[in-house]
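Participant: With the input below, show me the fold.
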Amino acid sequence: MRSRLARYLLTLVIPSGLLCALFLWSLYHEEQVRVRQNLEVAEQLRLAVGARSLTSDLDRIASDVRLMASLPSLAAAFDSGDAPAVARLTEDFVALSASRRVYDQLRWIDETGIERVRVDFIQNRPFVVPEERLQNKSLRYFFKEAMQLEPGQIFVSPLDLNVEEERVETPFKPVIRLATPVRDRTGQPRGIVIANFFGSYLLDKFVDVTEAKEGAARVNLLNRDGYWLRAPQSVDEWGFMFNRKEHFGTRYPQAWAQIAGSERGQFEDDDGLWSFVTVRPLLIGVPRDPQVQLAGSDEYVWKVVSRIPPEVLQQAANQNLGGWIIITLLFIGALLAGSLVLARAQRRRDVMAENLRALNRRLEEKVRQRTEQLHQQAIRDPLTGLFNRRYLDETLPREIHRALREREPLSVAMLDLDHFKHFNDQWGHEAGDAVLLGVAEALLDGLRASDIACRYGGEELLVVMPGADADEAEKRIATIACGVRNLGAKVMGRELPPVTFSAGVATLPEHGDNPETLVRAADRALYMAKETGRDRVVIARPPGQE
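Facilitator: Residues are numbered from 1 along each chain as shown. The predicted structure follows:
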């Protein structure tokens with residue numbers, strides 16, 4: 001009996017136990033690899049989300065700076081320079097500050113560096129700085145660099161702390177400044193307009209989206225020289241503003257040598273696992289208008305860096321070690337020859353099921369992507385990217401019904417490019433397509449997210465503006481017309497002549513309460529605009545006065 005038991009142990013249980021232990025060790029090793037890969041991918045995703053958060057608002061800031069530079073009240077202040085003109089400009093800055101609520105300062109600084117208009121945002125409301133408190137900024141770097149730019153170029157400052165009267169403002173106020181030079185009607189430089197954006201919005205959002213679960217360290221945000229803009233310890237931040245010598249590069253010299261010389265990457269050294277990505281805010285966050293150029297955009301970089309200490313890596317690698325030891329002991333104690341076969345068969349079935357689920361997920365994703373692609377093709381004009389006539393026919397009745405139900409205004413504007421047939425005959429259809437595309441981009445830049453821009457047919461465009469009355473619609477279309485005149489498009493190296501358009505505006509319910517009458521009224525107003533000289537916006541007359 002004892003001999004049989006010994007033979008059983010020697011021939012069945014011990015070999016099977018060894019095979020089981022080897023099998024479980026391989027599974028444990030694979031799990032270690034998987035845990036490490038998941039950790040690395042999670043860090044890369046955390047950095048990517050943080051990088052996107054940093055640049056999400058810069059395009060809107062650039063649009064506002066261009067809006068400030070194009071204000072009629074600013075041109076009037078250039079022409080007359082009297083107190084009423086400056087007061088009207090101040091009112092426009094106050095309105096912009098109150099509507100956006102994200103600008104620490106909105107300013108016009110004249111060509112000598114003197115602040116002429118300044119609106120601060122203090123205690124959640126705009127505050128007009130009195131004339132006696134306006135300062136001389138002629139020696140500040142942002143004024144010097146912005147004045148050297150050409151009209152249309154935008155200067156974007158480094159993210160730093162606000163300085164008032166040659167001292168860093170306390171409590172610390174991170175700001176990023178966007179500015180553009182302005183000129184009067186004769187082309188003479190008249191200074192710059194500049195917006196100081198609350199950098200704390202960017203940084204707080206960055207901290208929120210990169211907040212790690214399970215207590216991992218905060219992500220570092222560094223400038224090009226390795227100084228912290230956001231650090232795990234707040235005492236390390238903004239060292240370059242106070243001429244401190246210690247920065248990330250002095251604390252981690254070997255890691256900084258790799259991070260500073262590469263765009264993105266992941267590596268491990270004695271200090272732990274490093275992950276990093278380079279952010280170029282001037283290239284990512286600023287609108288891609290052809291006339292907007294940015295000096296030094298490729299040199300101005302931020303580095304988003306995370307570090308997982310060695311002890312955390314070791315803890316992650318060994319987090320299930322005790323469980324695996326217990327499982328191994330249990331298997332060795334109760335293992336039979338057939339259990340290993342069943343376990344392996346079950347594992348094969350699980351792998352097949354997972355492969356099938358993965359295949360189904362890939363097929364579902366491809367179907368979803370193709371469906372979305374077909375939907376966009378059905379409602380978009382392929383040349384301009386605007387909505388097409390079919391989408392307009394579906395959407396306009398719905399918007400009219402909603403406006404009537406909620407008793408809100410709604411305007412429809414019909415636009416037609418002036419002398420476009422002659423333009424095509426002279427410059428060719430390729431140039432005509434380029435102009436149509438440029439007009440469509442200018443139209444989208446000048447409209448709100450709730451407005452609907454459609455290509456009505458040929459060179460005719462139609463815009464539906466929910467919530468806008470006739471005066472507001474006329475102003476908005478006139479602003480867009482100003483931008484279209486300055487498109488400066490080129491085709492095959494040839495400078496194209498300026499382009500203008502005529503527009504007719506009709507509103508609900510003054511000019512009709514259904515799509516046909518509204519569009520017909522806008523079309524009649526467009527005809528009046530062309531008859532009275534083109535390159536203008538005409539509001540339709542009420543029925544019975546035409």
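Participant: does residue 98 really touch residue 127, like I thought?
Facilitator: No. Using CB atoms under 8 Å, residue 98 is not in contact with residue 127; the gap is 10.7 Å. For the C-beta atoms, the positions are set from N, CA and C on the backbone; glycine is no exception.
Participant: now the strands: where do they sit in the stretch 1-150 of the chain?
Facilitator: In the stretch 1-150 of the chain, the strands defined using DSSP state E, counting those that start in this stretch lie at 103-109, 115-122, 125-128.
Participant: Which pLDDT value belongs to residue 158?
Facilitator: Residue 158 is assigned a pLDDT of 84 by the prediction.
Participant: Residue 122 and residue 128, how far apart?
Facilitator: Distance of residue 122 to residue 128, given as CB to CB, to the nearest Å: 11 Å.
Participant: Show me which of those two is the more surrounded one.
Facilitator: The neighbour count for residue 122 versus residue 128, taken as other CB atoms under 10 Å, is higher for residue 128 (15 against 10).
Participant: Surely the more buried one is in contact with residue 90?
Facilitator: Yes. Counting by CB under 8 Å, residue 128 sits close enough to residue 90 to count as a contact (5.7 Å).
Participant: can you list residues touching both of the two?
Facilitator: Common contacts of residue 128 and residue 90 (CB atoms under 8 Å, 6 or more residues apart in numbering): residue 119.
Participant: picking up where we left off before, deepest of the strands of the stretch 1-150 of the chain, which one?
Facilitator: strand 103-109 (a mean of 25; mean count of other CB atoms under 10 Å).
Participant: Note down every partner strand of that one and its orientation.
Facilitator: strand 115-122 (antiparallel), strand 189-198 (antiparallel) (DSSP bridges).
Participant: a markdown table for the ones you listed, including distance to residue 524 and mean pLDDT?
Facilitator: Shown next, in a markdown table, are the strands paired with strand 103-109 (distance: least, CB to CB, whole Å; pLDDT from 0 to 100):
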| stretch | distance to residue 524 | mean pLDDT |
| --- | --- | --- |
| strand 115-122 | 42 | 95 |
| strand 189-198 | 39 | 94 |
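Participant: nearest to residue 365, of those?
Facilitator: Shortest distance between residue 365 and those, using CB to CB, is found for strand 189-198: 37.6 Å.
Participant: mind listing what's buried in that closest one?
Facilitator: 190-198 (16 or more other CB atoms under 10 Å).
Participant: Pull the contacting residues for residue 241.
Facilitator: Here residue 241 is in contact with 160-161, 168 (CB under 8 Å, 6+ apart).
Participant: after the strand or helix carrying residue 453, next one along is what?
Facilitator: Residue 453 belongs to strand 452-457 when assigned by DSSP states H and E. Heading C-terminal from strand 452-457, the first helix or strand you meet, by DSSP H and E, is strand 460-466.
Participant: Okay, angle between that following strand and strand 452-457 too, please.
Facilitator: If you take axes from the mean of the first three to the mean of the last three CA atoms, to 10 degrees, strand 460-466 sits at 160 degrees to strand 452-457.
Participant: For strand 460-466, which outside residues touch it?
Facilitator: Counting by CB under 8 Å, 6+ apart, 386, 392, 395-396, 399, 402-403, 408, 410-416, 439-440, 443, 447-448, 450-456, 472-473, 476-477, 501, 519, 522 sit against strand 460-466.
Participant: And stretch 383-402, by the same measure?
Facilitator: Counting by CB under 8 Å, 6+ apart, 378-381, 408, 410, 412, 433, 436-437, 439-440, 443-444, 452-457, 461-462, 464, 466, 508, 513-515, 518-519 sit against stretch 383-402.
Participant: tell me which residues in stretch 141-160 are buried?
Facilitator: Under 16+ other CB under 10 Å, the buried positions of stretch 141-160 are 142-143, 145-147, 149, 152-160.
Participant: could you redo the buried residues of strand 189-198 as CSV and give each row distance to residue 222?
Facilitator: Putting the buried residues of strand 189-198 into CSV (distance: CB to CB, whole Å) gives the following:
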residue, distance to residue 222
190, 37
191, 33
192, 29
193, 30
194, 25
195, 25
196, 22
197, 20
198, 21
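Participant: Contacts only, for residue 198.
Facilitator: 102-104, 121, 173-175.
Participant: how does it look with 7 Å?
Facilitator: 102, 104, 175 (CB atoms under 7 Å, 6 or more residues apart in numbering).
Participant: about what we covered before: can I get the buried part of the contacts of strand 460-466 as one PyMOL selection?
Facilitator: To isolate the buried ones among the contacts of strand 460-466 in PyMOL, judged by 16+ other CB under 10 Å, type:
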select buried, resi 386+392+395+396+399+403+410+411+412+413+414+415+416+439+440+443+447+451+452+453+454+455+456+473+476+477+501+519+522
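Participant: Sitting in strands, which of the contacts of strand 460-466 do you find?
Facilitator: 410-416, 452-456, 501 (DSSP state E).
Participant: follow-up on the earlier one: between the contacts of residue 241, which is nearest residue 366?
Facilitator: Among those, and counting by CB to CB, the member closest to residue 366 is residue 160, at 46.8 Å.
Participant: what pLDDT does the closest residue to that closest one other than its chain neighbours get?
Facilitator: Distances taken as CB to CB, 6 or more residues apart in numbering place residue 241 nearest to residue 160, at 6.1 Å, with adjacent residues excluded. With respect to pLDDT, residue 241 scores 89.
Participant: Residue nearest the middle of the chain, spatially speaking?
Facilitator: Note on the chain: the residue nearest the mean C-alpha position is residue 56, at 3.1 Å, using CA atoms, centre = their mean.
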